[in-house]
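K.L.:
Sequence first, predicted model second:
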Amino acid sequence: MTLSKEFRKKAPKERLDELASEAKLTEEEKALLAKESALDLETANRMIENVVSTFPLPFGVVPGFKVNGIERLVPMAVEEPSVVAASANAAKLSEGFTSEASEPVMIGQIQLLGVKDVPKAIEAIEAKKKELVAKANEKDRMLISRGGGAKGIECRHLKSKRGDMLIVHLLVNVQDAMGANTINTMCEILSPELEKLSGGKVRLRIISNLAVHRTVKAKTVWTKEALEESTKGAFKGSEVVGAVLDAYAFAEADPYRACTHNKGAMNGIDAVLIATGNDWRAVEAGAHAFASLSGEYKPLTKYYKNEKGDLVGEIELPMAIGIVGGATKTHPLAKIALKIMGVTKASELAEIIAAVGLTQNFAALRALATEGIQRGHMRLHAKNIAVMAGAHGKEIEEIADKMAGEKNVSVQRAKELLGSK
Ligand code: MEV
């Protein structure tokens, strides 16, 4: 199967015609792809290449999410059942979150090769730091006027399998942007000067997604009383606290578990990032690299018992996100998502997102360490299975309830139940 050379240049509708005929799509399949969504085709076509359609996801809202004393509504775009409910429940059980984002300082990396004397070149660059920072700031007056801009330069001597390298880190306060464009442009502007100062040749000039200077921390307390109540008395509060601490200790000691532990936190983080049009791959990459900074892959969250025996949860991770530029401004739903949240600064958004990550992780640990995760997942999963088996309207709930009650959720069982109706 292949597409014509002209495919790229066609309008989305013409591309769809060609694709449908090449991939032998049925009229129904083609009609589904042709259906317009909230993201109109013209906008989508300006966002990426070879657009034929748009891809909707469920868009849900977490109510009553209290961060730094302000109650927020948190939109999430996610395909996984239970993510929205988990954040809603964990937030309701908590005492609200305190959350603090650091200054939005991102790193741009400039790779210099063939530098004869790296320590000497570092000295030369260090001596011209002020001038280099000023040069990086020449182009972006807007950013400077809002308190942002290049702030510093750091040099690193790397020993690689292709020889020594001088890596220059340009530190830039990007304010409310994610920052990739600003940083990449500044790195390109500085390159000729850095080549002169080092006698080397510039290769890569690019943002680092390991945004160690742009982090966010969130914290909350789940009282043992609230935890006990949440299990409807099936477990004592102190047992739930202990169970979550066991789960956390497992993740602390084992990268196989830490990976899944962090995936749970990212379930919520990514959902908000997607809803707000942010680059979730950048945050994912940053989060996992941050989790490995000690040389071992570790959980992004921490849990401990306070003096009252309540459970304290904390999370810390890099959060390179924006509320200006990119899809945050072009995707019509992203703009609405930001309005729903009522955020006016990227740091506020980061603070909410970190708290969301903490709720997701906590909810997963609490469920896994007590009744097990499947019970909560079962009903939504059962509904999807019922639909797959051909259930419609009210049948979906009926069949899902029956299968969940029987703890026998399968397409085969759903078909049997449908057949006997
Ligand atoms: C599933 O998407 C996420 C969990 O696996 C997270 C965890 O195990 O902590 C439930």
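P.N.:
On my side now, so go ahead.
K.L.:
next helix or strand past the host helix or strand of Leu143?
P.N.:
Assigned by DSSP states H and E, Leu143 falls within helix 141-145. Following helix 141-145 in sequence order, the next helix or strand is strand 149-160 (DSSP H and E).
K.L.:
Check which helices and strands the host helix or strand of Ala334 is in contact with.
P.N.:
Secondary structure assigned from DSSP H and E places Ala334 in helix 332-341. If contacts are counted by 3 or more Cβ pairs under 8 Å, 6 or more residues apart in numbering; DSSP states H and E, helix 332-341 sits against strand 59-67, strand 70-77, helix 255-275, helix 327-330, helix 346-369. Bear in mind the C-beta positions are built from the backbone N, C-alpha and C, glycine included.
K.L.:
and the angle from the very next helix or strand once past the third one to helix 255-275?
P.N.:
Right, the one you point to is helix 255-275. On the C-terminal side of helix 255-275, the nearest following helix or strand under DSSP H and E is helix 280-291. For helix 280-291 against helix 255-275, the angle by axes from the mean of the first three to the mean of the last three Cα atoms, to 10 degrees is 150 degrees.
K.L.:
Report the closest residue of the stretch 201-350 of the chain relative to the ligand.
P.N.:
The stretch 201-350 of the chain approaches the ligand most closely through Gly264 (2.8 Å), counting by Cβ to the nearest ligand atom.
K.L.:
quick one on the thing from earlier: for Trp222, find the nearest of the helices and strands packed on helix 332-341.
P.N.:
Trp222 lies closest to helix 346-369 among the helices and strands packed on helix 332-341, at 7.0 Å (Cβ to Cβ).
K.L.:
Pull the distance from that closest one to the chain's centre.
P.N.:
In terms of Cα atoms, centre = their mean, to the nearest Å, the centre of helix 346-369 is set 11 Å apart from its chain centre.
K.L.:
Toward the C-terminus, what is the element adjacent to it?
P.N.:
helix 374-388.
K.L.:
Relative to Lys196, how far out is the residue minimising distance to the centre of the chain?
P.N.:
The centroid of the chain falls nearest to Asp270 when counting by Cα atoms, centre = their mean (3.2 Å). According to Cβ to Cβ, to the nearest Å, Asp270 stands 42 Å off from Lys196.
K.L.:
what do you get for Val212?
P.N.:
Taken as Cβ to Cβ, the span from Val212 to Lys196 is 29 Å.
K.L.:
Equivalent analysis for Asp401, please.
P.N.:
Taking Cβ to Cβ, one finds Asp401 at 73 Å from Lys196.
K.L.:
higher neighbour count, the two?
P.N.:
Asp401 (14 against 11; other Cβ atoms under 10 Å).
K.L.:
how about the residues of this structure near the ligand?
P.N.:
Counting by Cβ under 6 Å from any ligand atom, the chain comes close to the ligand at Glu80, Thr260, His261, Lys263, Gly264, Asn267, Ala364, Leu365, Leu368, Ile373.
K.L.:
Look at the residue of the stretch 201-350 of the chain closest to the ligand and say how many residues are nearby.
P.N.:
24.
K.L.:
Report the contact partners of it.
P.N.:
Gln360, Asn361, Ala363, Ala364, Leu365 (Cβ atoms under 8 Å, 6 or more residues apart in numbering).
K.L.:
give me that answer again for 10 Å
P.N.:
83, 86, 251, 299-301, 357, 360-365, 367-368, 373 (Cβ atoms under 10 Å, 6 or more residues apart in numbering).
K.L.:
Excluding chain neighbours, what is closest to the residue of the stretch 1-150 of the chain found nearest the ligand?
P.N.:
Residue nearest to the ligand within the stretch 1-150 of the chain: Glu80 (5.8 Å; Cβ to the nearest ligand atom). Once flanking residues are discounted, Glu80 sits nearest to Asn267: 6.2 Å by Cβ to Cβ, 6 or more residues apart in numbering.
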